[in-house]
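A.B. asks: please find the sequence and the predicted model below.
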Amino acid sequence: AVKLKPSYVEGYWYQGTAYYTLRKFAECRDRFKDVVRLAPKNGAAFAFLGLCEYGLKDYAPSLTHLLQSRRLGVGDTGDLAGVARYHAAAMMIRIGEFEQALQTLGEFAATGDDSPRVVEAMGIATLRIPIFPEELPAERRPMVIMAGRASFQMATRNTAAAGKSFEPGPSAGQPVGF
């Protein structure tokens, strides 16, 4: 269809989402480049483009495109906004933009999304560890989760619970090691 009608935005969109589902990120990226070329105000297309670039570990343009999707909005596309927000925050953490990452992750707290990946990312940002969540060493995970829960509670304005989360537990006094 796109060969017959090169301006067929929906055709590129369907190809791109199919490639995304198949985790064929290079092909997905190329199709969504076509979509944003033809529909430069389509925030959802910028989100998919950024996610494909993330999958290719092409992080600089990925973050640019994910932030562009946030500015434009993603419309009624299911969980796309949350997935794009999470990946943008992960890249912010990786480049040391911890406050911006926490602000972005705080949007999950506003909706009550305390999923393990959000809490973990908040903990990594709170502890100022410039890594992607998937790079977190297993032995550091309990401390990161504790910090993430406290940060999540702060983001929900539950300061009493956050204060308790930041209190030293039975393993206090052990070296942190970061």
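C.D. replies: Good, I have the coordinates.
A.B. asks: just the pLDDT for Glu10.
C.D. replies: You'll see Glu10 listed with a pLDDT of 84.
A.B. asks: number of nearby residues for it?
C.D. replies: Using other C-beta atoms under 10 Å, Glu10 has 13 other residues around it. Where C-beta positions appear, they are placed from N, C-alpha and C, glycine not excepted.
A.B. asks: can you tell me the element it falls in?
C.D. replies: helix 9-21 (DSSP states H and E).
A.B. asks: so what touches that helix?
C.D. replies: 1-2, 5, 25, 27-28, 31-32, 34-35, 38-39, 42, 45, 48, 51-52 (C-beta atoms under 8 Å, 6 or more residues apart in numbering).
A.B. asks: buried members of the residues you listed into PyMOL, please.
C.D. replies: Of the contacts of helix 9-21, the buried ones can be selected in PyMOL as follows, counting by 16 or more other C-beta atoms under 10 Å:
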select buried, resi 25+28+31+32+34+35+38+39+42+45+48+51+52
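A.B. asks: thinking again about what came up before, return the distance of the helix holding Glu10 from the chain's centre.
C.D. replies: Relative to its chain's centre, helix 9-21 lies at 21 Å (C-alpha atoms, centre = their mean, to the nearest Å).
A.B. asks: show only the entries of the contacts of helix 9-21 found in helices.
C.D. replies: Phe25, Glu27, Cys28, Arg31, Phe32, Asp34, Val35, Leu38, Ala45, Phe48, Leu51, Cys52 (DSSP state H).
A.B. asks: low-confidence ranges, the protein, go.
C.D. replies: Applying pLDDT under 70 to the chain flags the ranges 1-2, 4, 6, 8, 76-78, 158-178.
A.B. asks: still on that earlier bit, ok, of the ones in helices among the contacts of helix 9-21, which one's closest to Leu105?
C.D. replies: Within the set of the ones in helices among the contacts of helix 9-21, Leu51 lies nearest Leu105; the separation is 17.1 Å, counting by C-beta to C-beta.
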